[in-house]
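sequence first, predicted model second:
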Amino acid sequence: MKKTAPPHWATKLIARFSHPDASEEVQGDLLEMYEHWVRTVGTARASRRYILNVFKLMRPFAKSTESQQYSKTYSFSPVMIRNYFKVALRNLIKNKGYSAINIGGLSAGIAIAVLIGLWVHDEFSFDKYHQNYDRIAKVMQTVTVEGVQYHGEYMPAPLGNELRTQYADDFKYVVMSSFNDEHILAYGEKKFTKTGNYISPEAPEMLSLKMLQGTRAGLKEQNSVMLSEGVAHVLFGVENPLGKIVKLDNALNLKVTGVYEDLPYNTEFRDLTFIAPWDLYVSTQNWVKVALEGEQWDNNSWQILAQINPNSNFESVSQKIKGVKLKHAPHTAYLKPGLFLHPMEKWHLYSTWDNTGNVTARIQYVWLFSIIGAFVLLLASINFMNLSTARSEKRAKEVGIRKAIGSLRGQLIGQFLSESLLVVAFAFVLSIALVVLLLPAFNALADKQILFLWTSPRFWLAGITFCLITGLISGSYPALYLSSFQPIKVLKGTFSLGRFSAMPRKVLVVLQFTVSVTLIIGTIIVYRQIQHAKNRPIGYDRSGLIDVEINTPELCTQYNVFRRSLLETGAVVEMSTSSTPPTHTNSNNGGFEWEGKDPNFKDNFSTVAVTHDFGKTVGWQFVEGRDFSRSFSTDSTGMVMNEAALKYMGFRKPSDMIGKYMKWNGVTFTVVGVIKDMLMDSPFKPVGPALFMVNYGWANVINIKLSPALPARESLDKVEAVFHKLNPGSPFDFRFADDQFAKKFSTEERIAKLASVFASLAVMISCLGLFGLASFTAEQRTKEIGVRKVLGASLPNLLALLSKDFMLLVIISCLISIPLAWYMLNRWLLSYEYHTEISWWIFVLTTLGALAVTLLTVSYQAIRAALLDPVKSLKTE
Amino acid sequence: MKRTFLGEFEEIVLLTVASLRENAYAVTVTQELETKTGRQVGFSSVHTTLQRLEEKAYLTSVMGGATAERGGRRKRFFMVTALGQKVLSEVKTVRDELWSTLPSEFQLTNG
């Protein structure tokens, strides 16, 4: 008989969907029945019956009763995960010291990284407040003098109109601005010095100021002013400022036409606290009017901002306008002036250039700190990994037992990973608390107003991603390594980790200390550079020296009255006016003629207008010659120059120049003296050539030398009284030359402070790690130490034994970091023209310091281990 | 007396299992029922009934050895448990009692 078979598909169906507990016999029974049916009723009906029964016997949703009683083990069942966390928590609580070091170190690291991250984020979000952020630019120009390229944002006045009319297709707005400057705002009896700007009426629209009152069109009228919220508040309090009249610089009555929201701290215009119309500036300042109407293309004194049209781009517009200035001022061709647009997105981070036009700006510090942040985070993660791997070896027995009672490898991996994730999660929460606590102090240190990004999904995403990565990486070693142990070996106690198991940890320690030592060397050198510049001879005496801005007509016209009144108070040694305070220069001029000048020499001097009393006020020091004196009537065309100017002009001895003439703008000056270089500009640059001339009309500041006999506060009160009497229109605002000088270091000091904070934290974190590791090794070698003690080892022997390994690691990292630090810092120092040298003793000192710190950290554990009673340590187990 | 749930079909399946002794599994039970009752018995209903009886603990089962004729698949052999025997005898007692109350001619014609 031909062997017949039931329909194949039905067989498959019943194999797949029968009751799991009865699958086998049902299939067999059905086959047997089929044969029976074939014999009794024929193939066709047999097949039909077979199919019918298959359908009747399908139990697609039935579950095996066996599986309900004993669940299959799989790594991610909730019960197992709960167990992992329970074991992890118990482990943490059992080893409180390790847990504290581990979590504390990691959270400190994360906190630093988060702070740096917030800082970097803030740096990159500069100026984004303005809605037209990506289309606003400054017009800037480059000039090249003797192969050195300079970038400047000072623009000639007629350029604005030229751009507006000739390039109307490219520019939506072209805005003239007088630069932010201090002015006096008064309403009734209230007078304040506030920074503000004369600016074209389109500016509020271009900068998308958020108007609280009034409209952005508020500057259309000439005698109007727009105030920031803060200024409106101090001037008017709860009164409605709109329509009120405020007095500007004690001379102009302006109607308030708008109040705008204070610009945030991370914008270029954060000090723009009021805005007056550009037209008002032009009509009240004659020199501006002359420059504008007389088409003075070589008077670069103003700022031009522009917004380009949506279909233009900065590069092409820059190309178009490049030669505009040269076209109108052909006599400046030797300077090769080139105009370009500097986009707003680059203002903050890319706005300084070196002599060849490469960007050397703040972006470098952003990179520097990002790198430091990444390293600190790396240190903390390394620590964490080191400690968790060190700890996990102690748990080999646990692994053995777990395996013996049936743990799968996957489950052990899951356990160790969940443990490290738990610790990282703790650390993350702690670090956020730390950041929130530290943020105010950090803001003060970094001169920022950063808020925590509670609502930023990107921040949380980054944080959680980091936690996952750190958790997984640091957990992966114990997870993968420990789970591979053979339970028999581990439980029998014949298990040893091998000679090289400590190798990765040693590498990590070396890496950690390399970073720390580099940071320490860096900090020391930054501080030395600052100190070096601070100790530099400045050529005058700035103690008790103050300057007061001349911003009302009263201050200009009463020189002698002022001087007499001030001297009469007895609180003032001397008073003078000058075109610039001694702490900076603001005017450079060429076109001087002198005997023996090379006709091709394009000279450029800092020019300072002073009065006869200036020298006595600031206490400048003469190399040769004499100070200005009223007893020589010819001194009204006298001139004092500094040594740098003498050298610049090609003379070696002061006597070569004293008594000789200098011609400038048709006036013949006689050089009466040569002074030692007065450090007026950057303390990191050589002093430039400077010429001092007597001019009572060209005065911007009043310099006052306070009497050293009286306390400063008392003197200032007396001076203030005089100012109130003679200049009632403005508040008495003064600046100490000391403070002004100190401000020149603010960037460097900020870097130094931040670097020292980071360096000390890096060292702390590294030491924490070392401490944990040392205590671990000491614990591991308890028996060895016991045996050694019994055999007569002394305490110093044991100390040396335990510290030797670590010292060696630290020495290796010093050897790596010294050339690294030398290379990087040398490059940093070279960016300063006046810089300190890197001395060898810094490296020696740092190495010794690192060794001392290591010894301290390790010795606590080492001494403790060495003092242990050998009887006890040998009795263990 | 506690009522035992035993349907008519369940009862005859249980009895068949008892009568087949060591060779009672779904196929033999079906075939036996067919020959004894002469009616067409659905295999699936026999199978389900056997399982239900096992759930009620009237039957117990063991898997037999591998067999050649059905693709090497094992058979599930059923045996009547003590409880199953008790239930069967209870049912029989009830029947007997009922029979005993019948008029004699009934007994005669059928007896």
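In hand now; what should we look at? Because the structure is predicted, anything quoted here is derived from the model rather than measured. Numbering: from 1, shown residues only, chains lettered A, B, ... in the order given.

can we go C-alpha only for contacts and neighbour counts from here?
OK.

next structured bit after the top helix by length along chain A?
Ranked by residue count and defined by DSSP state H, the top helix of chain A is helix A:409-446. Counting by DSSP states H and E, the element after helix A:409-446 in chain order, helix or strand, is helix A:457-477.

which residues are in contact with residue B:81?
B:57, B:58, B:59, B:60 (C-alpha atoms under 8 Å, 6 or more residues apart in numbering or on different chains).

and the helices in the stretch 101-250 of chain A, which stretches?
For the stretch 101-250 of chain A, the helices defined by DSSP state H, counting those that start in this stretch cover A:159-166, A:203-206, A:229-236.

if we can go back for a sec, by contact count, what packs against the longest helix of chain A?
Under the contact criterion of 3 or more C-alpha pairs under 8 Å, 6 or more residues apart in numbering or on different chains; DSSP states H and E, helix A:409-446 touches helix A:78-94, helix A:96-124, helix A:457-477, helix A:746-780.

the second one vs helix A:746-780, what angle?
Read it as helix A:96-124. 160 degrees (axes from the mean of the first three to the mean of the last three C-alpha atoms, to 10 degrees).

and stretch A:382-395, what's buried?
A:382, A:383, A:384, A:385, A:386, A:387, A:388, A:389, A:390, A:391, A:392, A:393 (16 or more other C-alpha atoms under 10 Å in any protein chain shown).

now swap in stretch A:370-379 and tell me
A:370, A:372, A:373, A:374, A:375, A:376, A:377, A:378, A:379.

pLDDT on it, on average?
Mean pLDDT, stretch A:370-379: 84.

go ahead and confirm residue A:24 touches residue B:74.
Yes - assessed by C-alpha atoms under 8 Å, residue A:24 is found in contact with residue B:74 at 6.7 Å.

residue A:785 should be in a strand, yeah?
No - read with DSSP: H, G, I helix; E, B strand; the rest coil, residue A:785 is helix and lies in no strand.

now the closest residue to it other than its chain neighbours. Its backbone dihedrals?
The shortest distance from residue A:785 to any non-neighbouring residue, by C-alpha to C-alpha, 6 or more residues apart in numbering or on different chains, is to residue A:866 (6.8 Å). Main-chain dihedrals, residue A:866, degrees, to the nearest 10: phi -70, psi -30.

now do the contacts for residue A:866.
Residue A:866 touches A:785, A:795, A:798, A:799, counting by C-alpha under 8 Å, 6+ apart.

show me the contacts for the third one.
This means residue A:798. Per C-alpha under 8 Å, 6+ apart, neighbours of residue A:798: A:785, A:862, A:866.

closest one to chain B out of the residues you listed, please.
Taking C-alpha to the nearest C-alpha as the measure, residue A:785 is the one of those closest to chain B, at 65.0 Å.

the residue nearest to residue A:785 and residue A:789, how far apart?
For residue A:866, the distance to residue A:789 equals 8 Å [C-alpha to C-alpha, to the nearest Å].

enumerate the residues of chain B near chain A.
B:26, B:27, B:42, B:43, B:44, B:69, B:70, B:71, B:73, B:74, B:75, B:76 (C-alpha under 8 Å from any C-alpha of the partner chain).

before we move on, back to that, need the pLDDT of the residue nearest to residue A:785.
80.

state the distance from it to residue A:792.
Counting by C-alpha to C-alpha - residue A:866 and residue A:792 are separated by 12 Å.

show me the contacts for the nearest residue to residue A:265 once chain neighbours are set aside.
Spatial nearest neighbour of residue A:265, chain neighbours left out: residue A:449 (6.4 Å); criterion: C-alpha to C-alpha, 6+ apart. Residues in contact with residue A:449, defined by C-alpha under 8 Å, 6+ apart, are A:265, A:266, A:443.

so which of those residues is the most crowded?
Per-residue neighbour counts (other C-alpha atoms under 10 Å in any protein chain shown) across the contacts of residue A:449 peak at residue A:266, which has 19 neighbours.

ok, it touching residue A:124?
No - using C-alpha under 8 Å, residue A:266 makes no contact with residue A:124, being 9.4 Å away.

grab the CA positions of stretch A:462-476 and hand them over as CSV.
The C-alpha coordinates for stretch A:462-476 follow below in CSV (Å, rounded to 0.1, in the frame of the first residue of the first chain):
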residue,chain,number,x,y,z
ALA,A,462,24.1,65.2,27.6
GLY,A,463,24.1,64.5,31.4
ILE,A,464,22.3,61.2,31.1
THR,A,465,24.4,60.1,28.2
PHE,A,466,27.5,60.9,30.1
CYS,A,467,26.2,58.9,33.1
LEU,A,468,25.4,56.0,30.9
ILE,A,469,28.8,56.0,29.2
THR,A,470,30.8,56.4,32.5
GLY,A,471,28.7,53.8,34.2
LEU,A,472,29.1,51.3,31.3
ILE,A,473,32.8,51.9,30.8
SER,A,474,33.7,51.8,34.4
GLY,A,475,31.4,48.9,35.1
SER,A,476,32.7,47.0,32.0
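
can you mark which positions in that stretch are buried?
Buried residues in stretch A:462-476, counted by 16+ other C-alpha under 10 Å: A:463, A:467, A:468, A:470, A:471, A:472, A:473, A:474, A:475, A:476.

next one: stretch A:559-573
Buried positions in stretch A:559-573, judged by neighbour count with 16+ other C-alpha under 10 Å: A:559, A:562, A:563, A:566, A:567, A:570, A:571, A:572, A:573.

among those, which are in strands?
A:572, A:573 (DSSP state E).

make TSV from the buried residues of stretch A:559-573 and add pLDDT to it.
Compiled in TSV, those are given as follows (pLDDT from 0 to 100):
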residue	pLDDT
A:559	86
A:562	86
A:563	89
A:566	88
A:567	89
A:570	87
A:571	88
A:572	90
A:573	90
